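K.L.:
Kindly return the folded structure for what I paste below:
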Amino acid sequence: MRKLFPLILVLAGHAPGQTAPEAGIPVNDPLVISKCGSCHTRDEHGNMQRISWERATPEGWEQALKRMIRLDGVVLSPPEARAIIQYLSTYHGLAPEEAQPVAFFAERRVQEETGGPNDAVRRACSRCHAFASALSWRRSPGDWKELGKFHATLNPDAKPASVDDQAIAFLSQAAPLHTPAWDAWSAHLHAPNLAGRWLVSAHLPGHGTYYGEMNVEASGDEFNTRVKLQSVQDGSTILRSGRGLVYAGYAWRGRSQSATPASSAPDDLRNEMREVVWIAPDQSSAVGRWFWGRYQEFGLDVKLRRATGDPSLLAVDRRALKIGSKASRIRLIGDNLPAPVTPSDLSLGPGVTVQRIVSATRSEIAAEVDVAANAAPGKRDVTLRGAALPDGIAIYDRVDYIKVLPESAVVQFGDDEHARSYQQFEAIGYQRGADGQPHTADDVELGPLDATWSLEEFSWSPGGSKPSVGTLSPTGLFTPASSGPRNNYDLWVIAEATNETNKDGKPPAGKSYLVVSVPAYTLNGRHYVRELGRWVEDRTSPP
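P.N.:
The predicted structure follows:
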C-alpha cells in the first residue's frame, strides 16, 4: 500500500487547512501493531496512520485486510487474520445504530438503494459498488480524501475530480469518524453474554414460517450453537449446529451445518448457512439473515429473543382471517404457554370471538374463532394472558391485489466456469386500507398466498418461438437454464391466487420483472460478459 498512498503525517486523517486536527482512535493490539505497523506507523499517542481515523463493519475490515495482502504482500496466517479483523471490527467498528441502516449489505440482501444525495455522488460511488459499501465505513474528512486519492490511482479515468469532491464532502458529513452514538457505545464495550436458550422465528420465501430454539454455549471468544427449527406448515424439523463470533458487542457472524446431508435442491434448508445477525444493545433480542447459495440468494429472515421462562408467542399458522368467517381454526406457536387455557385468555382484537380451545400444550394452542361480519379490517395483536404477538394476524374482506416479490430481479445462466443463480418469488396479498384505495400507504399486507405460477416473455409476439431460458416451480422458484444463449432475456413472472377473488370476482394476479442474464462481472468500473470463451467489455452497460 505504501506505493499507492502517499506518506502522511502523524495527524493524518484530517483535511488540509484544519486548525484543530481530529483525534484518532488509538490502536493497542500487539498483533495489529506488529503486522500493520511497518506501513501504518504509530505515534506516541498510539495512533496508527489511516487506521486510527477509520471505523468499519467486519465485512469492511475483512475487505481492507484482503487488499493489504494482495497489494502490499502482507503475510498472515488464518488465525492472525481472524484476530486482526475481530480487534478492528470491535474497537474501530460501528455503533449498533450506525450499522442498522446498512445491515442489508452484510446480510447479502438485494435492495434498491435510494439514499444517494445526488447523481454526482451516486456516480462517484455506485458506479462500481453498492453505496452501502461506502456507508459501512466512518472516516475523518482527511481520510475520506485519502480514499478518493486511492480510487483515482486505481482508476484515473473513471470520474472527474469535481465528482470526487462532492462525494468526499457528502461522506465527511454523513459518515464522520466521531459520532455521539459511537462515543457512547465504545465507552461501555463489554464482552457479550449470549449463553443460554433463545427462541427463533423465521421465514423462508417459498417455504413459509419456521419456529424453534437456539442453544448458545460460550467457547472462549466464540459461541457454539445448536438449532432446532420446525415448519409451521408441514411440521418438518431441521437440526443444525454452528459457531459464531460477535464483533463490537452486537454484530454476530457465524456459520452452521445441518445434522443431515443436504439434497441437490438449491433451496434445501440443510445447506451450510452463513449467519449475519444484529443483536439488540440489551442482548434480549436479535434480527438478521441466515443465507446460502453461490450468490447468497437463499436465506431465512430470522428473529430471536432470549427465553426468559415467561410465556412467549412466536407465530400463528395463518397470517389472515376473513371477515364473516365461522369456526376458523388457528394454531398459536409459543414457548412456556400457560395451562389450562380458556377462550377468554386468548384475544385477537375487536370483532373476533374465540369460540373454543381445541387443544393446548406448553408450545402450541389450537382454537376456533369467528370473525364478525362488521369487523374492521386491519392488523391485530394476538395476546394470550401476558404474551403478545404484535400485528400477529390480519382481518380482511377480500384480496384487492397481489405483489410478487421481489418486484424485479436478475438471475444468470451458468457456463463452464460459473454456476447459475436462482430466484425465489412470493405472492403477497394486500387489501385496500382505510382510505378505500389500493396501492396506498395504509394498505393491509395479508401475507403469502397460494398461487399458480407462470412465465411470459416480456416482448414475445404470438407465433414466435419461445427460447428455453428456465423453469418456474409450483412454489415460485425460478431456475435458469444450465447454459443459456448469449443474449439477456426479459420475462414476466406471474402469480395468480388460487383461493381468493377480487372485487370483480376474479382471482387477483400480480407480476414481477425478471432479467435472465449471461454472467456479468465488473473490473475497474467496466462491465464484462463471457462471449465465445473470452471476457469482453460490455459496451451496452449503463455508466
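K.L.:
contacts and neighbour counts: CA atoms only from here.
P.N.:
Noted.
K.L.:
Summarise which helices and strands the helix or strand containing residue 60 is packed against.
P.N.:
Using DSSP states H and E, residue 60 maps to helix 58-72. Counting contacts by 3 or more C-alpha pairs under 8 Å, 6 or more residues apart in numbering; DSSP states H and E, helix 58-72 is packed against helix 78-91.
K.L.:
Residues touching the helix it packs on, excluding its own?
P.N.:
Under the criterion C-alpha atoms under 8 Å, 6 or more residues apart in numbering, residues 29, 31-32, 55-58, 61-62, 65, 186, 247-249 lie in contact with helix 78-91.
K.L.:
tell me which of those residues is nearest to residue 124?
P.N.:
Top of the list for closeness to residue 124, among these and by C-alpha to C-alpha, is residue 56 at 19.7 Å.
K.L.:
how many neighbours does that closest one have?
P.N.:
27 (other C-alpha atoms under 10 Å).
K.L.:
before we move on, the earlier item: can you pick out the most distant pair from the contacts of helix 78-91?
P.N.:
Using C-alpha to C-alpha, these span at most 22.4 Å, a distance reached by 65 and 186.
K.L.:
wouldn't residue 267 be in contact with residue 298 here?
P.N.:
Yes - judged on C-alpha atoms under 8 Å, residue 267 makes contact with residue 298 at a distance of 6.5 Å.
K.L.:
Please report the distance of residue 372 from residue 321.
P.N.:
Residue 372 is 11 Å from residue 321, where distance means C-alpha to C-alpha, to the nearest Å.
K.L.:
neighbour-wise, which of these two wins?
P.N.:
residue 321 (22 against 16).
K.L.:
what is the more buried one paired to in the beta sheet?
P.N.:
residue 395 (DSSP bridges).
K.L.:
quick one: pLDDT of it?
P.N.:
Listed pLDDT for residue 321 reads 97.
K.L.:
Does residue 417 fall in a helix, a strand, or a coil region?
P.N.:
Secondary structure, DSSP: H, G, I helix; E, B strand; the rest coil: residue 417 is coil.
K.L.:
Number of residues surrounding it?
P.N.:
7.
K.L.:
what's the answer for residue 186, then?
P.N.:
Neighbours of residue 186 using other C-alpha under 10 Å come to 17.
K.L.:
Look up phi and psi at it.
P.N.:
phi -70, psi -30 (degrees, to the nearest 10).
K.L.:
need the contact list for it.
P.N.:
Per C-alpha under 8 Å, 6+ apart, neighbours of residue 186: 91, 95.
K.L.:
Give me the contacts around stretch 169-178.
P.N.:
Residues external to stretch 169-178 that are found in contact with it (C-alpha under 8 Å, 6+ apart): 53, 54, 55, 121, 135, 137, 138, 139, 140, 141, 144.
K.L.:
distance between the helix holding residue 60 and the chain's centre?
P.N.:
Average the C-alpha atoms of helix 58-72, do the same for its chain, and the two points are 22 Å apart (C-alpha atoms, centre = their mean, to the nearest Å).
K.L.:
Show me which of the contacts of stretch 169-178 has the smallest pLDDT value.
P.N.:
Among those, residue 121 carries the lowest pLDDT, at 77.
K.L.:
In three-state terms, label that one for me.
P.N.:
Taking three-state DSSP, the label given to residue 121 is helix.
K.L.:
Let me see the contact set for it.
P.N.:
Counting by C-alpha under 8 Å, 6+ apart, residue 121 makes contact with 163, 164, 166, 167, 170.
K.L.:
With residue 309 instead?
P.N.:
Neighbour list for residue 309: residue 336 [criterion: C-alpha under 8 Å, 6+ apart].
K.L.:
Backbone dihedrals for it, both of them.
P.N.:
When read as degrees, to the nearest 10, the backbone of residue 309 gives phi 100, psi -20.
K.L.:
ok, back up a step: closest one of the contacts of helix 78-91 to residue 240?
P.N.:
residue 247 (22.5 Å).
K.L.:
what about the closest residue to the closest one other than its chain neighbours, how many neighbours?
P.N.:
In space, and not counting its chain neighbours, residue 247 is closest to residue 90: 5.0 Å by C-alpha to C-alpha, 6 or more residues apart in numbering. When neighbours are defined as other C-alpha under 10 Å, residue 90 has 23 of them.
K.L.:
do you know how far residue 235 is from residue 191?
P.N.:
37 Å.
K.L.:
in what helix or strand does residue 511 lie?
P.N.:
strand 509-517.
K.L.:
Mind listing the strands that strand pairs with, and their directions?
P.N.:
Paired neighbours of strand 509-517 in the sheet (DSSP bridges): strand 408-412 (parallel), strand 489-497 (antiparallel).
K.L.:
deepest of those strands, which one?
P.N.:
strand 489-497 (a mean of 21; mean count of other C-alpha atoms under 10 Å).
K.L.:
For that one, C-alpha coordinates in PDB please.
P.N.:
Only the C-alpha atoms of strand 489-497 are listed here, as PDB (Å, rounded to 0.1, in the frame of the first residue of the first chain):
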ATOM      1  CA  TYR A 489     -34.000 -12.200 -21.800                       C
ATOM      2  CA  ASP A 490     -36.700 -10.200 -20.100                       C
ATOM      3  CA  LEU A 491     -39.600 -12.100 -18.600                       C
ATOM      4  CA  TRP A 492     -42.700 -11.500 -16.500                       C
ATOM      5  CA  VAL A 493     -43.100 -13.800 -13.500                       C
ATOM      6  CA  ILE A 494     -46.900 -14.100 -13.000                       C
ATOM      7  CA  ALA A 495     -48.700 -15.300  -9.900                       C
ATOM      8  CA  GLU A 496     -52.500 -15.900  -9.800                       C
ATOM      9  CA  ALA A 497     -54.200 -16.600  -6.500                       C
END
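K.L.:
on that earlier part again, please indicate which of the contacts of helix 78-91 are buried?
P.N.:
Among these, those buried by neighbour count (16 or more other C-alpha atoms under 10 Å) are 32, 55, 56, 57, 58, 61, 62, 65, 186, 247, 248, 249.
K.L.:
Export those residues as a markdown table, with columns for distance to residue 487.
P.N.:
Output for the buried ones among the contacts of helix 78-91, formatted as a markdown table (distance: C-alpha to C-alpha, whole Å):
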| residue | distance to residue 487 |
| --- | --- |
| 32 | 48 |
| 55 | 42 |
| 56 | 39 |
| 57 | 37 |
| 58 | 37 |
| 61 | 37 |
| 62 | 35 |
| 65 | 37 |
| 186 | 51 |
| 247 | 44 |
| 248 | 46 |
| 249 | 47 |
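K.L.:
ranges for the strands of the stretch 1-150 of the chain?
P.N.:
Per DSSP state E, counting those that start in this stretch, the stretch 1-150 of the chain carries strands over the ranges 54-56, 137-139.
K.L.:
Residue 508: which of those strands is closest?
P.N.:
Among the strands of the stretch 1-150 of the chain, the nearest to residue 508 by C-alpha to C-alpha is strand 137-139 (44.2 Å).
K.L.:
outside of that closest one, which residues touch it?
P.N.:
By C-alpha under 8 Å, 6+ apart, strand 137-139 touches 13, 53-57, 60, 94, 172, 175-178.
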